[in-house]
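**Q** This is a predicted model, with the sequence first.
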Amino acid sequence: MEIGVESQVKFLERLTEYLETVTDGLQLVTQFYHQGETEPADRLREELIQGFGRFGDENVTMYAIFRSDEQVYEEWQKLLEEVKQPFDSLSVKTKQERIATVTLPAFQRFLLTSQWLLQEKK
């Protein structure tokens, strides 16, 4: 499926806005965990991760845009793997560390990748 460049640009603009929101939210999650506010941290983390589901493997637009560049496609796949990782059984300290050292950086890398791709398409 080939979609027009204008449609790709609009989609990437919305995606980058969403990813900015998620990265800001994940930073808040780490603060909540650090402050001992586990319940709001867990709830917010879950909402942010679930929200990313619409950008998963089954999203035809994502596939059409990101498949054209192997490195870009790999970043997307790495992020998808990260969001599938279970969190519920982890300790609070492990959750905080995982968000700060793995999940948040994965979203930040994908945000940068999406911003780069957006600039390439414009």
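**A** The structure has been received and is ready for your questions.

**Q** shaky segments in this structure?
**A** Residue ranges of the chain with pLDDT under 70: 1-2.

**Q** hmm, try it at 50
**A** Across the chain, the ranges flagged by pLDDT under 50 are 1.

**Q** what's the single longest helix in it?
**A** helix 5-34 (DSSP state H).

**Q** Show me which residues of the helix or strand following that one are buried.
**A** Remark: after helix 5-34, the chain's next helix or strand is helix 38-51, criterion DSSP states H and E. By 16 or more other Cβ atoms under 10 Å, the buried positions in helix 38-51 come out as 41-42, 44-45, 48-49. C-beta coordinates here come from the backbone N, C-alpha and C atoms, glycine included.

**Q** Now do the buried residues in whichever helix or strand comes after helix 38-51.
**A** The element immediately downstream of helix 38-51 (helix or strand, assigned by DSSP H and E) is helix 60-66. For helix 60-66, burial by neighbour count (16+ other Cβ under 10 Å) applies to 62, 65-66.

**Q** give the contact list for the spatially closest residue to residue 41 that is not a sequence neighbour.
**A** Excluding the flanking residues, the one nearest residue 41 by Cβ to Cβ, 6 or more residues apart in numbering is residue 32, at 3.5 Å. Applying Cβ atoms under 8 Å, 6 or more residues apart in numbering to residue 32 gives the contacts 38, 40-41, 44.

**Q** which one of those sits closest to residue 57?
**A** Nearest to residue 57 among the contacts of residue 32: residue 44, at 24.3 Å, using Cβ to Cβ.

**Q** Pretty sure the closest one sits against residue 30.
**A** No: with contact defined as Cβ atoms under 8 Å, residue 44 and residue 30 do not form a contacting pair (10.4 Å).

**Q** so which helix or strand takes in the residue positioned nearest the centre of the chain?
**A** For the chain, the residue sitting closest to the mean C-alpha position, by Cα atoms, centre = their mean, is residue 107 at 4.0 Å. Element membership for residue 107 (DSSP H and E) is helix 104-121.
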